[in-house]
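> give me the fold of what follows.
(one chain, ligands or ions: 1)
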Amino acid sequence: MKLKFTKMHGAGNDFVVIDAINQRIDFSPAQWQALADRRFGIGADQMLVVEPSTQPGCDFRYRIFNSDGGEVEQCGNGARAFAKFVAEKGLTDRRSIAVETMAGVIAPRLEDDGSVTVDMGAPVLEPALVPFDTEGLQGQPQGQDTLWPLVLELAGEKETVLVSVLSMGNPHAVQVVADIDTAPVELTGPLIELHPHFPKRVNAGFMQVVDRQHIRLRVFERGAGETLACGTGACAAAVAGIRRGLLDSPVRVDARGGQLSIAWAGEGQPVYLTGPAVTVFEGEIEL
Ligand SMILES: N[C@H](CCC[C@H](N)C(=O)O)C(=O)O
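Residues are numbered from 1 along each chain as shown. Model prediction:
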């Protein structure tokens, strides 16, 4: 079987995008992991699948698989690539589309300058819905936010980090650090991802506040490791910073792979993610 795919990225977060409207695919987690392998497969942080919508009022269904093969609820950089893909492939003639995901409906819009703005829906702030188990933890208020202490065990030493916890459809734990270049992302990222208080694991964000409308961000992603950018991570960091009283919307987010912009008008309101979507090459693989 030949599989056609398109290699894309959003600020360096890279994807294999597959049209599953005109191709029939049904892969196991191990097969997804093999496709994502950067040596033995195509190589990507996530695989994005375009399917017919199953909901009235939606144009497409959007499925996301991490490079560890697991299917997840949401991917913000991927939503921009998705929108560009379906336009470039002529699967839609609309510049604004409604896209069904495991986490609800999102709405990407192609901008005239080639960037894409996505209505990512409202953040989920209730810990139990993230999901995050607060049992035995004493939250510390900061502005409208609550900072939760996570005890991390590193080489026999215990270290406590304070995180904001929220969901953009997928779970995020965001901490403020003085300098993302010296933050121990490789060491503590995996410990936070697998922390027992996150029953579905979590994406670990490390945010440096440059000024009230500008942050630098690194994210150790659930099921993918550190990526050059994380769209939902940028949304989560901006929302956490605004709730903590550190940031004002819109927020410029400098990721290692490029720049994103986040706008949020407050509780119950949608988060808007704007950034690039780039097609790198078309490919075909014999399976
Ligand atoms: N690793 C994420 C999925 C991809 C999110 C990220 N690539 C984005 O742009 O939002 C998770 O397991 O929730």
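
> what residues does the stretch 51-200 of the chain put near the ligand?
I64, N66, V72, C75, G76, N77, G78, N170 (C-beta under 6 Å from any ligand atom). (Glycine included, C-beta is placed from N, CA and C.)

> look at the nearest residue to the third one once chain neighbours are set aside and report its pLDDT.
Leaving aside its chain neighbours, V72 sits nearest to I64 (5.2 Å; criterion: C-beta to C-beta, 6 or more residues apart in numbering). The predicted structure scores I64 at 98 on the pLDDT scale.

> can you tell me the SS state at I64?
strand (DSSP: H, G, I helix; E, B strand; the rest coil).

> neighbours around it, how many?
24 (other C-beta atoms under 10 Å).

> so it sits against G78, correct?
Yes. Taking contacts as C-beta atoms under 8 Å, I64 lies within contact range of G78: 5.9 Å.

> before we move on, back to that, ok, the residues of the stretch 51-200 of the chain next to the ligand vs S164, which is closest?
N170 (14.7 Å; C-beta to C-beta).

> now the strands for the stretch 101-250 of the chain?
104-110, 116-119, 140-142, 145-154, 157-167, 171-176, 203-211, 214-221, 225-227 (DSSP state E, counting those that start in this stretch).

> how about the ones you listed, which one is nearest T6?
Of the strands of the stretch 101-250 of the chain, nearest to T6 by C-beta to C-beta is strand 116-119, at 15.2 Å.

> helix or strand: which one has G57?
Under DSSP states H and E, no helix or strand contains G57.

> distance of it relative to P270?
16 Å (C-beta to C-beta, to the nearest Å).

> the more surrounded of those two?
Higher neighbour count among G57 and P270: P270, with 17 against 8, using other C-beta under 10 Å.

> contacting residues for the residue nearest to the spatial centre of the chain?
Against the mean C-alpha coordinate of the chain, by C-alpha atoms, centre = their mean, the closest residue is T232 at 3.5 Å. Listed by C-beta atoms under 8 Å, 6 or more residues apart in numbering, the contact set of T232 reads Q74, C75, G76, M120, M168, G169, N170, H172, N203.

> now render the strands of the stretch 101-250 of the chain as CSV, adding mean neighbour count and mean pLDDT.
Shown next, in CSV, are the strands of the stretch 101-250 of the chain (neighbours: other C-beta atoms under 10 Å; pLDDT from 0 to 100):
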stretch, mean neighbour count, mean pLDDT
strand 104-110, 20, 98
strand 116-119, 22, 98
strand 140-142, 12, 98
strand 145-154, 17, 97
strand 157-167, 18, 98
strand 171-176, 26, 99
strand 203-211, 23, 99
strand 214-221, 24, 99
strand 225-227, 20, 98
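
> with distance to V16 as extra columns, can I get those strands in TSV?
Converted to TSV, those look like this (distance: least, C-beta to C-beta, whole Å):
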stretch	distance to V16
strand 104-110	18
strand 116-119	18
strand 140-142	39
strand 145-154	33
strand 157-167	25
strand 171-176	23
strand 203-211	20
strand 214-221	16
strand 225-227	14
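
> tell me how far stretch 11-19 is from the chain's mean position?
12 Å (C-alpha atoms, centre = their mean, to the nearest Å).

> and for stretch 41-53?
With C-alpha atoms, centre = their mean, you get 14 Å for stretch 41-53.

> is it true that V116 touches G76?
No. Judged on C-beta under 8 Å, V116 makes no contact with G76 at a distance of 10.2 Å.

> what is the neighbour count of the residue lying closest to Q269 once chain neighbours are set aside?
Leaving aside its sequence neighbours, Q269 sits nearest to A122 (C-beta to C-beta, 6+ apart; 6.1 Å). Neighbourhood size, A122 [other C-beta under 10 Å]: 16.

> please name the residues that touch A122.
E267, G268, Q269, P270, V271.

> again, only this time at 10 Å
G104, M168, V239, W264, G266, E267, G268, Q269, P270, V271 (C-beta atoms under 10 Å, 6 or more residues apart in numbering).

> how about those residues, which pair is most distant?
G104 and G266 (19.0 Å).

> name only those of the contacts of A122 that count as buried.
Among the contacts of A122, those classed as buried by 16 or more other C-beta atoms under 10 Å are M168, V239, W264, P270, V271.
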